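Enquirer: Got a sequence here, can you model it:
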Amino acid sequence: MAVGSAVALVVAVVNWLLTHWWVLLAVGVLAIAAGGGWLYQRQRRARWEAVRARALRYGLSQLDALHHARFEEAVRDLMRRDGCTDAVRVGGGGDLGADVKATDPFGRRWVIQCKHRRKGLAGSAVGTPDFQVLNGTARQVHGADVAVIVTNGRVTAPAVAFARQQCLHVVDRRTLGVWAAGSRPLWELLRAVPPPRGPTALS
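Expert: Residues are numbered from 1 along each chain as shown. Have a look, this model is predicted:
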């Protein structure tokens, strides 16, 4: 009996809709309009994010004031500004020496370890052990083409020498200031960056 009632109800609804076909038309028009509006807003947000990313700038005082996790996010956003659309923050416990990973427009894989110092130059210096950790994991574990330590503080001379020997890259406070406040991509500010993996529109 319940099945018969359900069938009768469906038949009644179908007959009503056939008689009032304009209701279906109106619902369809509204659905299309709503979908179009949603798509337009999504595209608008995407355009705005692209504009915001291109105009992204940081001063060193802004970076000094950040929490270390926000500093990692700022480095990620700067890589995105430079065209690394897949840049992600992966820092945290068990990150194995990688706080930010990204692929640049030339196909090179970047692995970045961030060392934030609340006191800037007055904070503790980044030393050789930090670069040893990066050297041990960046290529073997993360598949890096470019392994980098970024800091808003100081780097010891032995650490700089070790980085040079191991083909690691140092973004110290001075380089960070130029990168964050300007519009040049990081790879234009570093020496001896590996060549592009293959031909690209930018190479």
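
Enquirer: What is the neighbour count of residue 156?
Expert: When neighbours are defined as other Cβ atoms under 10 Å, residue 156 has 15 of them. For glycine as for every other residue, the C-beta is placed from the backbone atoms N, C-alpha and C.

Enquirer: Quick one: residues contacting it.
Expert: 125, 126, 127, 128 (Cβ atoms under 8 Å, 6 or more residues apart in numbering).

Enquirer: Any idea which helix or strand in the protein has the lowest mean pLDDT?
Expert: None of the helices or strands of the chain scores lower by mean pLDDT, DSSP states H and E than helix 21-54, at a mean of 66.

Enquirer: before we move on, back to that, farthest pair in the contacts of residue 156?
Expert: 125 and 128 (10.2 Å; Cβ to Cβ).

Enquirer: so what sits against both of the two?
Expert: In contact with both residue 125 and residue 128: 156, 159, using Cβ under 8 Å, 6+ apart.

Enquirer: per-residue pLDDT, the residue most central in space within the chain?
Expert: By Cα atoms, centre = their mean, the mean C-alpha position of the chain lies nearest to residue 87, the distance being 3.2 Å. Listed pLDDT for residue 87 reads 97.

Enquirer: Backbone dihedrals for it, both of them.
Expert: When quoted as degrees, to the nearest 10, the phi and psi of residue 87 stand at phi -60, psi 130.

Enquirer: Which elements pack onto the helix or strand where residue 163 lies?
Expert: Using DSSP states H and E, residue 163 sits in helix 157-165. With contacts taken as 3 or more Cβ pairs under 8 Å, 6 or more residues apart in numbering; DSSP states H and E, helix 157-165 sits against helix 128-137, strand 169-171.
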